[in-house]
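Visitor: here you go, sequence then predicted model.
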Amino acid sequence: MSTAVAIRGFRVGLRYSPWLLTWSAALALTLVLYLLKDIWPTAWQYPREWYIPLRFLISDFMKWLINDFDLGLFTFKEFTRSIAWLLNWPLATAQGFLSSGFKLVFGEQATVEIPRLSWIAVVALVAILGHYAKSWGLALLVGACFLYLAVFGRWDSAMVTLSSIIIVVPIGVALGLFVGIISFRSRRAAAIIMPILDLMQTVPVFAYLVPVLFLFGFGPVAAMIATIIYATPPMARCTVLSLGLVPAELVDFGRMAGCTRRQLLWRVQIPSARPTLMVGVNQVIMLSLNMVIIASMIGAGGLGFDVLSSLKRLDIGAGVEAGLAITLLAIALDRLSQAFVSRPPPKHQEVPRNFVRQHPHLTVAMILIVGTTLLGLLAQPLQAYPESLMITTGPFWTDLVSWININFFDQLDAVKSWLLLNLLIPFKRFLLALPWSAVVGLVALAGYQLGGLRLACIVGSLALFIAVTGNWEKSMISVYLCGISVVIASAIGLPIGIWAARRERVHKIVQVVIDTLQTLPSFVYLIPVVMLFRVGDFSAMIAIVAYALVPTIRYTDHGIRQVPAPLIEAAQAFGCTRRQILWRVQLPIALPEIMLGINQTIMMALAMLVITALVGTRDLGQEVYIALTKADTGRGVVAGVCVAFIAIIADRLISAWANRKKKELGLAT
Amino acid sequence: MRSKIKRLAVGAIAAAIMVSTSAMSGTPESKDPIILTIHDWTGQYITTHIMGRVLEEMGYNVKYQQADYIAQFAGLESGDLHVAMEMWETTGKQAMEESLKTGKTIDLGETGMLAIEEWWYPLYMKEKCPGLPDWKALNKCAKVFSTAETHPKGRYLGGPVTWAGFDDERAEALGLDFEVVHAGTDAALFAEVKSAYERKAPILAWIYTPHWAPIKFKGEWVNFPRYTDDCYNKPEWGMNKKMAYDCGKPRGWIKKVGWKAGNDKWPCAYQAVRNFKIDNQSMGEMIGKVDLEGNKVDGVVDDWLKTNKGTWKKWTQCS
């Protein structure tokens, strides 16, 4: 056994010996550059005089855009403001129905107030939708989710959040679909659109909040636009992917049937691409709800505001309850949207006799809305859930954290100190000591080995950009924080993913846990973590790991499950044990997918940087956050782009590696 | 103010409708809503809602808009936002002065509250570090305040980097053996203070008032050499002749700021905002009622308005 490994290692070593040599030389050069740092400091630390003042250029450009850019008939700012004005209409309407009611003014004196939908009506409506889309079970689930909002006293805020979500999601989906179709049809457009999508997904939201506020004004609309920017890219990607997957025969058939290009798209390609498209819709919903906290920082209000303000006064319990409300809203909307996809097409045999029989759900819904609204005027509890019946588990959570704090702080502190002193701090010092020129070179070299000259140029110049704009040190701290977190997240996530893949019960439980982790705002657990581990890198790391763990688990689980059954049967026929099947068959074949999961974990870790800035890290996330509070457009955008570039470097290198691996395994097409 | 309310049921439509006729006291110059900004700390939420309610009593339409403390100046300049109730000398002076220079915003005077921000420790630390509150005692017990990462230096938990505050400079100028750790938000800052307070563990942190923390946690501010403008601007001032910042933090006003054009649009409303005055004591009590006793802001504001009718009625007088 050990000789076999040794021999294989030897062979590998021989085959790659030119690379081994190159890498040894490169690392030796790095060491030399480090040792020479006093003699030749510019190669070690990027000199300040060489900075390109990009952030000031961007800030000036922004000022010009807002104040002076004239499109002839109107200024640019007027243009963006009119978009904001347009978007405000649907939002105000949705808010009227769900949260504020309508107030119609007739002349000077008389105003007419139409109340909002009562809580009973809304809970019943989503339950009816659930039944219409799938089953009584779903009706019960989504109804219960919404009932939670009423019973735990989160109704008002939840309806504010919901009304912006139900406007954002259709706009995000439509926009994503549109962009996706364009890039599917034209390669040239795709070449421009794809990198923009990359940036939209990886530049932290805080970085573009300031320009959005300037252009679209303060208020919920600006928050909506930021949410749309953040939530649209997955939809566009899924559109491109799914249209590409439509079988060619089907398209040919459509052409033969005489479809125009438009008919072909809407009647053939999109319907048959629906399952993957719905994955995009699901992502838009999830990401919109992810944005709830950040959106509330610039005036969206709602549940995000509840979370923030309760944590401000360290009311951890209230924060947890408001956070869970966001999670439940996400789960309800997600399950509903999924149910609508897999809904069987309507049967057409029976000729309906009247409206009620034809539309039973719609009828019940109408009766409910009218009924509860009228009754609500007579009995207040039917309109708004009575305060006396609300319950809260708030004190429990607050006390729990205090109890852990008082009884276990010393033990936790000992573990933390050990890890900090022996792992985190040495690694941080190591990264900060690396010469910048060598790191840029090493990144380019890795690119060259994995993907050739083109990739080397791309990743090398992205790394160079970070140095040139003067963000090197902060980037290295970001890399350190994310690097360690990703390693830990993978170390925890891989075994759980494998375990879940092999046991159905575990799989079900894990699914619920990771769904919660992904939608529960990280701020909710960040504050208790700070109480137990103090302000600093360690708390930040825990928050990053908790959030970034999810994709590793998800993709590992999925990857192993996707291993073709005949392969496993064959292995069994050869007499492999379960352990052997795992290590020799399942893991190697699932490896590309697992790597994709780790890739996503890296993306999530980088996305969390901005949140961890809230507990006082000193990395790019902090830079973006400072820029936000100082309303410094250029500074935020440049630091945000640096985060994006780190993400893109990691993504390109890993994808190139995974592609090669796939080819080696004969999986690539 | 609604003098009568009658109900109508409009047959075919699903809604029942309320018609109210209203006779307003005072004469609002414009029915356009006055937009007050709200930030993310309770005190500001309360002052803003008191002001908003008073303006409504005067017959104005009022809207509350959440906005970032510093970023709001962009909105105040463009007229997206109209009145900000709390701009602290200690943290917002620079941003405010820059904005006033544009000529698009207007200083609406002090709120009457005094902002105090300083290095703070819980009372039980006096036993472990005799000599406090004098700052010179800090170096003697730096080890008491240390943690594994900062040992042998003490650990001082400062505010977010964006609050400025010059604590790194202060520690250096005064030769303090302390490492300054910046909390990213005040939620994180107070989370750590609470955690230490529950365990009666050493903590030295940046605390400010009006805020619930110094009400709930019994403690004291460190006595640094008193702040003067010269201390921050002239290195030769004070005990360290080579560095500035060898003194405590400034204590200062909390002001109201507004969109300038609004002064012509709603002169009486702006006058009322100018007249707004409240003191630390009553603010502290209200903040305590909300943050510590869990009362709702609206209720607390209601109570204040009821018991202080004489006070706020005077604000509304407009010639």
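Guide: Okay, I see it.
Visitor: domain map for the chain?
Guide: Reading this off chain A. Here the domain parsing of chain A from automatic domain parsing is A:435-468, A:473-669.
Visitor: if you could check chain B rather than the one you did, that'd help
Guide: According to automatic domain parsing, the ranges for chain B are B:27-114+B:254-315, B:128-233.
Visitor: okay if I get these as a markdown table plus mean neighbour count and distance to chain A?
Guide: For every residue, glycine as well, the C-beta is placed using N, CA and C. What follows is the domains of chain B, written out as a markdown table (neighbours: other C-beta atoms under 10 Å in any protein chain shown; distance: least, C-beta to the nearest C-beta, whole Å):
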| stretch | mean neighbour count | distance to chain A |
| --- | --- | --- |
| domain B:27-114+B:254-315 | 19 | 4 |
| domain B:128-233 | 19 | 4 |
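Visitor: distance to A:Thr276 and mean neighbour count added to the domains of chain A, as a markdown table?
Guide: Formatted as a markdown table, the domains of chain A follow (distance: least, C-beta to C-beta, whole Å; neighbours: other C-beta atoms under 10 Å in any protein chain shown):
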| stretch | distance to A:Thr276 | mean neighbour count |
| --- | --- | --- |
| domain A:435-468 | 27 | 19 |
| domain A:473-669 | 15 | 20 |
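Visitor: so which of those comes closest to A:Leu162?
Guide: Minimum separation from A:Leu162 across these (C-beta to C-beta) falls at domain A:473-669, 14.3 Å.
Visitor: any idea of the mean pLDDT for the closest one?
Guide: Per-residue pLDDT over domain A:473-669 has a mean of 86.
Visitor: quick revisit: tabulate the domains of chain B (a markdown table), appending mean pLDDT.
Guide: What follows is the domains of chain B, written out as a markdown table (pLDDT from 0 to 100):
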| stretch | mean pLDDT |
| --- | --- |
| domain B:27-114+B:254-315 | 89 |
| domain B:128-233 | 87 |
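Visitor: which strands or helices does the longest helix along chain B pack on?
Guide: Taking DSSP state H as the criterion, chain B has its longest helix at helix B:42-57. Counting contacts by 3 or more C-beta pairs under 8 Å, 6 or more residues apart in numbering or on different chains; DSSP states H and E, helix B:42-57 is packed against helix A:302-312, strand B:34-38, strand B:62-66, strand B:83-88, helix B:267-275, helix B:280-291, helix B:297-307, helix B:309-315.
Visitor: one more time with 7 Å, if that's ok
Guide: In terms of contacts (3 or more C-beta pairs under 7 Å, 6 or more residues apart in numbering or on different chains; DSSP states H and E), helix B:42-57 is packed against strand B:34-38, strand B:62-66, strand B:83-88, helix B:267-275, helix B:280-291, helix B:297-307.
Visitor: hang on, the earlier thing: and the domains of chain B: which comes nearest A:Tyr547?
Guide: Across these, closest to A:Tyr547 is domain B:128-233 (C-beta to C-beta), at 16.1 Å.
Visitor: for the closest one, the distance to its chain's centre please.
Guide: Remark: domain B:128-233 is offset 19 Å from the chain centroid, using C-alpha atoms, centre = their mean, to the nearest Å.
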